[in-house]
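*Asks:* Sequence plus the predicted model coming up.
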Amino acid sequence: MSDIGKQIEDFVGAYLQKQGLKLVASNFRCRSGEIDLIMWDQETLVFVEVRYRKTTYYGDALATVSRSKQRKVIQTANYYLQEQNLYNKVLCRFDVVSITGDTFSELNWVKDAFWGKW
C-alpha cells in the first residue's frame, strides 16, 4: 500500500471512530481479496471500502466500486465471518467512504452501499 493510501485509511478510520464506530481490523486479507476496515457500529459489523481520488476529473471515487469489487469484498467478508465464527450470528453491512482532494476535504460516507448474500 502506498503512503497516501495508508494516510487515507487512517484518516477514514479515525473519522468513523469519531462517529461512534469501533475499529476491529484494518487491511484484512485472504485469497479472495482485501477489506480496508472492519468496524462495529453498535450491534452491526461493518465492512468498509475506502476509495480516494485526487480530483473528480475522471469521475467520482464512489464510481470505482465496481460489481466485481463488490463481489470480492463480499467473498472476503464471508471468509472473515467464518474465520471468526460469526457467520449467521451478527448483522452486517457494507459501507463505502470516498475521499476527494489533496486535503481530504471531500468525504462521502455511504452506509449500506451494497449488499451481500449471506
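*Replies:* Sure, I can see it.
*Asks:* make it CA atoms for all contacts and neighbour counts henceforth
*Replies:* OK.
*Asks:* Which stretches in the protein count as strands?
*Replies:* 22-30, 33-41, 44-53, 91-100, 106-114 (DSSP state E).
*Asks:* Redo the ones you listed as a markdown table? Include mean neighbour count.
*Replies:* Below are those laid out as a markdown table (neighbours: other Cα atoms under 10 Å):
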| stretch | mean neighbour count |
| --- | --- |
| strand 22-30 | 15 |
| strand 33-41 | 20 |
| strand 44-53 | 22 |
| strand 91-100 | 20 |
| strand 106-114 | 15 |
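*Asks:* Serialize those to TSV and add fields for mean pLDDT and distance to Gln75.
*Replies:* Shown next, in TSV, are the strands of the chain (pLDDT from 0 to 100; distance: least, Cα to Cα, whole Å):
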stretch	mean pLDDT	distance to Gln75
strand 22-30	97	10
strand 33-41	97	8
strand 44-53	94	11
strand 91-100	93	12
strand 106-114	91	13
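*Asks:* Is it possible to get TSV of the ones you listed that adds distance to Ser2?
*Replies:* Supplementary listing: these in TSV, determined by distance: least, Cα to Cα, whole Å:
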stretch	distance to Ser2
strand 22-30	13
strand 33-41	13
strand 44-53	12
strand 91-100	15
strand 106-114	19
